[in-house]
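> task: produce atomic coordinates for the following.
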Amino acid sequence: MKKANLVWMVCITVSVVYAGSLNPPAAPELTMKTLMEIEPRTPVEWLGGDPNTMFIIDQPGSYYLTGTIFADPMKQTCIAVNASGVVLDLNGFAIEGLEGTLARTAIQVNGDDRRSVWIKNGSILNWVEGIFGPEADGITCSDLQIHCVYWGDRGIWLGDAVRVERCTVSSMAYGICAYQGDFSHCSVYQCGARGYEMWQGGIISDCVARWCGEGIYSFQNCVIDRCMMNECFIRGITVEQEGQISHCSVRLTGKGYDQIGIRAIFGNLISHCTVTNCWAGIDVGEGNTIIDCTARDNGECGIGANAQNVIMRCNSSGNDLWGIWVRDKTIVKDCVASNNGNVGIDIRCCGQGCRIESNICSGNKYGIHIDAEGTHHHLVVKNTCGDNWLANYDLGSQSSWGPIIDLSSAYGDISAIAGADHPWANFEYSLVLAGTGPAKE
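You can find the predicted model right below:
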């Protein structure tokens, strides 16, 4: 009986269900936040101006466009930045100028004490000057399109420690210019004077210029890397002194006189570049180094070097006249200079002490040539010249060279040929009759 009662008690289930309150919750409290607290930026259109400027930014902060702004034909500047610590977001809209009026400058950054200004994300159309601040430092420009219709002056012109990235400038005299800074992933098109201009200690990388007078100009201690200059009119790339050009490609509009692909004046390094369709492919002054470059289908020469230069592991072939010419105290080593219209490697008047070593010259008028007048004490060793239609070697009388070993009839092992084992031996061969004409098509 006790057992049955226990089972009965276990089987009895008592459940109590609690429901929520039937009273509605209180209304949410008002935050009373202002629009500036929700979106802490100021529309440019809210700003005041002066007789020369439509809108003036004179306090640090973030500013943005709410729509396209059109120029006031009676005011010179659209937006003036007179403060540091400013972000100006064009917000995908445009600032549009007006030809033939007083309107000149889209955005002007005033004063040499301006710092930390960022201008981004929009278009600047039909102004004489896009962004103007040659005395302003620490400025960043990104994701901008700047375009004029052939009467513009400068797309972007800034001072020191600037950064310009992912910007496009077209139809101005000058594209992107700064005293010092970093240009990257930019494109410049139809800028009649220069595409890019950097004066000291800057970097230009992954940039393109097309149909410009001069693609890139830099003065001192600048690095130019992975850039393409296509169909420029006068120069592809110029570095004045102590700069570096690497992994660049240059093609000009033609081989007219003084159209130079890469021009380097003093103490520069040029490496892994390709130059074509110029009067002179690579033209250098004094104390430069050229390595691992290709210069082909140029007019006057593929590579020309004045004094105290190093040229190594280059291919300068298929040029209309000279493959490589040098003048004074220069070494040319491990290069190929073939199928040029005149000379493969030439030492011109007037210089001394050049070294021409371990090169291949074939299919030219002359393989290796030294001017008879005004040149002396050059050294020619370990080269191979063949099928040059006037002479493989024309070395004058005032220089020195290793023995020239004729391999025209030699096949297989050359160890039995007298002089072939000489450490300074030069080699030559001929498969065509001398004087029958150039091998170059």
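
> only C-alpha atoms for contact and neighbour calcs from this point on.
Noted.

> go ahead and confirm residue 336 touches residue 314.
Yes: between residue 336 and residue 314 there is a contact under C-alpha atoms under 8 Å: 6.4 Å.

> got a list of what residue 154 touches?
Contacts for residue 154 (C-alpha atoms under 8 Å, 6 or more residues apart in numbering) come out as 128, 129, 130, 131, 132, 172, 173, 174, 175, 176, 177.

> what about residue 333, distance to residue 387?
Noted for residue 333: a distance of 20 Å to residue 387, by C-alpha to C-alpha, to the nearest Å.

> more neighbours: these two, which one.
The neighbour comparison of residue 333 against residue 387 (other C-alpha atoms under 10 Å) goes to residue 387, with 26 against 21.

> helices of the stretch 51-200 of the chain, start to end?
Counting by DSSP state H, counting those that start in this stretch, the stretch 51-200 of the chain has no helices to list.

> give me the low-pLDDT residue ranges for it?
Within the stretch 51-200 of the chain, the segments meeting pLDDT under 70 span 150.

> residue 75 - nearest residue in space that isn't next to it in sequence?
residue 52 (4.7 Å; C-alpha to C-alpha, 6 or more residues apart in numbering).

> how much space between that neighbour and residue 334?
Per C-alpha to C-alpha, residue 52 is found 63 Å from residue 334.

> these two: which has the busier surroundings?
Comparing residue 52 with residue 334 by other C-alpha under 10 Å, the one with more neighbours is residue 334, at 19 against 15.

> what sits against the more buried one?
Here residue 334 is in contact with 312, 313, 314, 357, 358, 359, 360 (C-alpha under 8 Å, 6+ apart).

> can you spell out which helices and strands pack onto the host helix or strand of residue 385?
Using DSSP states H and E, residue 385 sits within strand 384-386. With contacts defined as 3 or more C-alpha pairs under 8 Å, 6 or more residues apart in numbering; DSSP states H and E, the packing partners of strand 384-386 are strand 360-362, strand 366-370, strand 391-394, strand 426-429.

> residue 116: which of those strands is closest?
For the helices and strands packed on strand 384-386, proximity to residue 116 was assessed by C-alpha to C-alpha; strand 360-362 is nearest, at 54.4 Å.

> about what we covered before: let me see the mean pLDDT of the strand holding residue 385.
Averaged across strand 384-386, pLDDT comes to 98.

> which other residues reach that strand?
Counting by C-alpha under 8 Å, 6+ apart, 358-363, 367-368, 392-393, 426-431 sit against strand 384-386.

> which of the residues you listed has the most neighbours?
residue 367 (33 neighbours).

> what does stretch 299-306 rub up against?
255-256, 277-286, 295-296, 316-317, 319-328, 330.

> equivalent analysis for stretch 391-409, please.
By C-alpha under 8 Å, 6+ apart, stretch 391-409 touches 361-362, 365-372, 375-382, 385-386, 419-420, 422, 424-431, 434.

> what helices or strands is the helix or strand hosting residue 216 leaning on?
Using DSSP H and E, residue 216 sits within strand 214-220. Identification of packing neighbours for strand 214-220 by 3+ C-alpha pairs under 8 Å, 6+ apart yields strand 194-200, strand 228-232, strand 235-241.

> compute the inter-axis angle for it and strand 228-232.
120 degrees (axes from the mean of the first three to the mean of the last three C-alpha atoms, to 10 degrees).
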